[in-house]
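Q: My questions are about this predicted structure, shown below with the sequence.
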Amino acid sequence: MSGFDVDLFVIGAGSGGVRAARIAAGYGAKVMIAEEFRVGGTCVIRGCIPKKLMVYASRFKDDFADAAGFGWTVPEPIFNWQKLVAGKEAEISRLSAIYRTNLGKAGVSIVDSRAEVEDAHKIRLKADGREITAKYILVSTGGTPVLEPSIPGLEYSITSNEVFDLPNLPERMLIIGGGYIAVEFASVFARLGTKVTLVVRSENVLRGFDEDMRCYVRDALSHAGVDLKTVTLPARIDKGANGLSVTLTDGTAVEVDQVMVATGRHPHTKGLGLDKAGVELDALGAVKVDAFSKTNIDSIYAVGDVTNRVALTPVAIREGHAFADTIFGQKETCVDYANIATAVFTTPELGTVGLTEQQARDQFDCVDIYAASFRPLKATLSGAQEKTSMKIVVDGLTDRVLGVHIFGDHAGELAQVLGIVVKMGGRKSDFDDTMAVHPTSAEELVTMRTRTARYERETIGEEGPGAAVVAVD
Ligand SMILES: Cc1cc2nc3c(=O)[nH]c(=O)nc-3n(C[C@H](O)[C@H](O)[C@H](O)COP(=O)(O)OP(=O)(O)OC[C@H]3O[C@@H](n4cnc5c(N)ncnc54)[C@H](O)[C@@H]3O)c2cc1C
């Protein structure tokens, strides 16, 4: 080590930072990591993990109702929010402790402090003012919820940071936003017994997802009792004797106990001192990096949500790992962002990998769609009205599967496996050649023989190549 206190200083012990620190230390680097809140970061403390625990909690509502059709008599179920919050807290504390232990075992020093950049090789620890010099600095400070739109009374609202620890289950809640976090919490709270109003700026939820799947999620939310208000924004929030009154742009007002803003997240770079080192940020405040996560300053790298590439835990982890391999493992590694499988944990859930139908039609000359919607076997006896829907998007010229989208039970689990298939360049004929697992819902994936639509790009006529891909059947 050449005159620096450490080889690597990591700012932020979340998904990306922890992975980078551990792998770098494994290569023999002297590593220090600073965390200003709780080790584990957003995913463990106030993101994926506590959210999924709450999703599980919410689904018992449907299970209790379904049980009757199978012969069970279930006494009136009573839900206890405080018990769920306490259980959640115990679990995330356990996970955070494991992260700490693993960092310690790898030889990483942990400092419980905010850290700020002083220059290209220097960090200041806010807890005690200590200065640490580092050969490399890794910025993995994640993101923070955006409090938008900026309207009077917004200070009465909460974000996903606070929602996990509410002292009581709200009786009435208004959620602002149509992204995956907003719809997941709408689905959770509606099932836990809250009267949920979801206010969405655009015409539908989940912008960027397959159009049909967006509609299935929207309909399922409505079916769960969520009052969905589209093409609407909140105009102001007033505090009254009966809670909060949210006036919407359509002139109506909704009385609630809690307002949650879930309109997006911004990279967490404010006050980080990156300007002192000359690190370039984009307009949103995201750290600009190259394919190896290097900033414009040779000694400073950034991974995870703070770079605003793909804001998902597995991506942050992969980026942190690739960084450590490249710098400390003498193994130049870039992350492949193609075909990232992902899930939206509404109930039922949405699992997806690859291109949406529209993206495929924009990019390919011939696109085949195979789609099915059916009532899952379990729903026949339970009497549940839910449907499972699947869509396979195929390159009509090469037969390669470009995307798979599933709305139904366990769709997230299926998306993980389908991610491998799509990554491997699987073809529709591979699906057809695969024997079904019976009786499952997933067997539909290998039994969809008849395409439901074909779209071909019109190459003749005035518009010429590049014209719209049109339906031919
Ligand atoms: C409600 C919610 C649900 C989500 N659900 C999913 C999901 O189901 N699946 C999925 O893949 N992703 C999900 N995500 C996204 C996922 O949590 C993030 O993509 C992931 O945590 C990013 O990891 P990261 O390392 O970039 O940042 P983070 O995990 O956010 O870690 C950054 C850490 O840096 C710390 N920090 C910040 N500034 C400083 C500083 N100056 N000094 C010291 N420490 C600092 C922060 O306290 C934090 O602990 C969810 C996010 C939210 C908010």
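A: That came through, no problem.

Q: Start and end of stretch 420-436, how far apart?
A: Using C-alpha to C-alpha, to the nearest Å, the end-to-end distance of stretch 420-436 comes out at 18 Å.

Q: Quick one: mean pLDDT over that stretch.
A: The average of the pLDDT scores along stretch 420-436 is 98.

Q: Which residues belonging to the helix ranked longest in the chain are considered buried?
A: In the chain, with assignment by DSSP state H, the single longest helix is helix 81-105. Buried residues in helix 81-105, counted by 16 or more other C-beta atoms under 10 Å: 81, 84, 85, 88, 92, 95, 96, 99, 100, 103. To be clear about C-beta, it is placed using only N, CA and C from the backbone, and glycine gets the same treatment.

Q: and for it, what are the contacting residues?
A: The contact list for helix 81-105 (C-beta atoms under 8 Å, 6 or more residues apart in numbering) reads 13, 18, 21-22, 33, 38-40, 44-45, 49-50, 53-54, 57, 110, 164-169, 192.

Q: Can you select the buried ones from those residues in ChimeraX?
A: The buried subset of the contacts of helix 81-105, as determined by 16+ other C-beta under 10 Å, is captured in ChimeraX by this line:
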select :13,18,21,22,33,38,39,40,44,45,49,50,53,54,57,110,164,166,169,192
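
Q: So which of the contacts of helix 81-105 sit within strands?
A: Applying DSSP state E to those, the entries found in strands are 33, 110.

Q: Make JSON lines out of the buried residues of helix 81-105 and add pLDDT and distance to residue 131.
A: Listed next are those as JSON lines, based on pLDDT from 0 to 100; distance: C-beta to C-beta, whole Å:
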{"residue": "81", "pLDDT": "98", "distance to residue 131": "45"}
{"residue": "84", "pLDDT": "98", "distance to residue 131": "43"}
{"residue": "85", "pLDDT": "98", "distance to residue 131": "39"}
{"residue": "88", "pLDDT": "98", "distance to residue 131": "38"}
{"residue": "92", "pLDDT": "98", "distance to residue 131": "32"}
{"residue": "95", "pLDDT": "98", "distance to residue 131": "32"}
{"residue": "96", "pLDDT": "98", "distance to residue 131": "27"}
{"residue": "99", "pLDDT": "98", "distance to residue 131": "26"}
{"residue": "100", "pLDDT": "98", "distance to residue 131": "24"}
{"residue": "103", "pLDDT": "98", "distance to residue 131": "22"}
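
Q: Rebuild those as a markdown table, extending it with distance to residue 289.
A: As requested, the buried residues of helix 81-105 are exported to a markdown table (distance: C-beta to C-beta, whole Å):
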| residue | distance to residue 289 |
| --- | --- |
| 81 | 41 |
| 84 | 38 |
| 85 | 37 |
| 88 | 33 |
| 92 | 29 |
| 95 | 28 |
| 96 | 27 |
| 99 | 24 |
| 100 | 27 |
| 103 | 23 |
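
Q: Find the residue closest to residue 278 in space, skipping its chain neighbours.
A: residue 297 (5.9 Å; C-beta to C-beta, 6 or more residues apart in numbering).

Q: gap between that neighbour and residue 131?
A: 18 Å (C-beta to C-beta, to the nearest Å).

Q: Among these two, which residue is more densely surrounded?
A: Taking other C-beta atoms under 10 Å, residue 297 and residue 131 do not tie; residue 297 has more neighbours (17 against 11).

Q: how about the helices in the protein?
A: Assigned helices in the chain, in chain order: 15-26, 41-46, 48-67, 81-105, 160-163, 180-192, 211-223, 274-277, 313-328, 357-363, 377-382, 411-423, 428-433, 444-447 (criterion: DSSP H).

Q: Using PDB, write out the CA atom coordinates for the second one.
A: Right, helix 41-46. Taking Å, rounded to 0.1, in the frame of the first residue of the first chain, the C-alpha atoms of helix 41-46 are listed here in PDB:
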ATOM      1  CA  GLY A  41     -28.700  -0.300   3.300                       C
ATOM      2  CA  THR A  42     -32.100   0.200   1.700                       C
ATOM      3  CA  CYS A  43     -32.700  -3.400   0.600                       C
ATOM      4  CA  VAL A  44     -32.300  -4.800   4.100                       C
ATOM      5  CA  ILE A  45     -33.500  -2.000   6.300                       C
ATOM      6  CA  ARG A  46     -36.200  -0.200   4.400                       C
END
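
Q: Mean confidence (pLDDT) on it, please.
A: Averaging pLDDT along helix 41-46 gives 98.

Q: contacting residues around it?
A: Here helix 41-46 makes contact (C-beta under 8 Å, 6+ apart) with 12-15, 17-18, 35, 37-38, 47-49, 92, 95-96, 99, 142-143, 160-161, 164, 305, 313, 316.

Q: Which residues of the stretch 301-450 of the chain lie near the ligand?
A: By C-beta under 6 Å from any ligand atom, the part of the stretch 301-450 of the chain that sits against the ligand consists of 304, 305, 306, 311, 312, 313, 314, 316.

Q: Just to check, the fifth one is in contact with residue 343?
A: No: counting by C-beta atoms under 8 Å, residue 343 is not a contact partner of residue 312; they are 10.0 Å apart.

Q: quick one: which of these two has more around it?
A: Comparing residue 312 with residue 343 by other C-beta under 10 Å, the one with more neighbours is residue 343, at 21 against 17.

Q: In contact with the residue lying closest to that one once chain neighbours are set aside, which residues are there?
A: Once flanking residues are discounted, residue 343 sits nearest to residue 412: 3.2 Å by C-beta to C-beta, 6+ apart. By C-beta under 8 Å, 6+ apart, the residues touching residue 412 are 343, 345, 349, 351.
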